[in-house]
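# Coordinates for the following, if possible.
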Amino acid sequence: RRPSPPAPRKRPPHALPKHLSYRKVCSRCGRTRGQHGELGFGINCPFRDCARCGAGERAHVAAGVPVGFGCRLTVEQGAVPGAGEEYGRRMGEICRGARQAAAAAVCPRVPPVAY
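Residues are numbered from 1 along each chain as shown. As a prediction, this is how the structure comes out:
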């Protein structure tokens with residue numbers, strides 16, 4: 001008897017789309033490398049607020065929501081109104097640029113924060 005094939009893996013909600021990497025998007029705050037300028041990036045990130053929703057770390061800890069790309073904080077939980085849509089547009093532009101550079105595959109749209 002042959003073993004059954006493994007179940008397909010689901011991507012975690014905070015995982016980056018195929019054409020983005022943590023070399024382009026900060027793993028801590030969700031900002032791009034260009035937005036950091038000369039400041040630290042990733043582990044050394046100096047920002048204490050979320051690029052996606054505009055709220056600070058305390059609001060995320062209280063809501064149990066990750067900071068950065070995987071953020072799903074709502075306005076009721078402390079998100080800045082309209083920040084999610086703006087972040088989605090920026091990430092979409094970066095993703096389209098990366099896709100054009102790779103000249104292939106589909107880049108998923110970054111879902112906006114639900115308000």
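
# Pull up the gap between E93 and L20, please.
Going from E93 to L20 by Cβ to Cβ, to the nearest Å gives 11 Å. All C-beta spots, glycine's among them, are computed from the backbone N, C-alpha and C.

# Comparing these two, which residue is more hemmed in?
Higher neighbour count among E93 and L20: L20, with 20 against 10, using other Cβ atoms under 10 Å.

# Can you classify the more buried one by secondary structure?
coil (DSSP: H, G, I helix; E, B strand; the rest coil).

# So it sits against M91, correct?
Yes - in this structure, L20 is within contact of M91 by Cβ atoms under 8 Å, at 7.2 Å.

# List the contacts of the residue nearest the centre of the chain.
Nearest residue to the geometric centre of the chain (Cα atoms, centre = their mean): F69, 1.5 Å. F69 is in contact with 14, 16, 25, 30, 52, 91, counting by Cβ atoms under 8 Å, 6 or more residues apart in numbering.

# ok, and the most crowded of these?
Neighbour max across the contacts of F69 (other Cβ under 10 Å) = R52, 30 neighbours.

# what are the phi and psi values for that residue?
phi -80, psi -40 (degrees, to the nearest 10).

# Surely it and E85 touch.
No - using Cβ under 8 Å, R52 is not in contact with E85, being 10.2 Å away.

# Which residue ranges of this structure form helices?
Secondary structure of the chain by DSSP state H: the helices cover 33-36, 57-63, 83-102.
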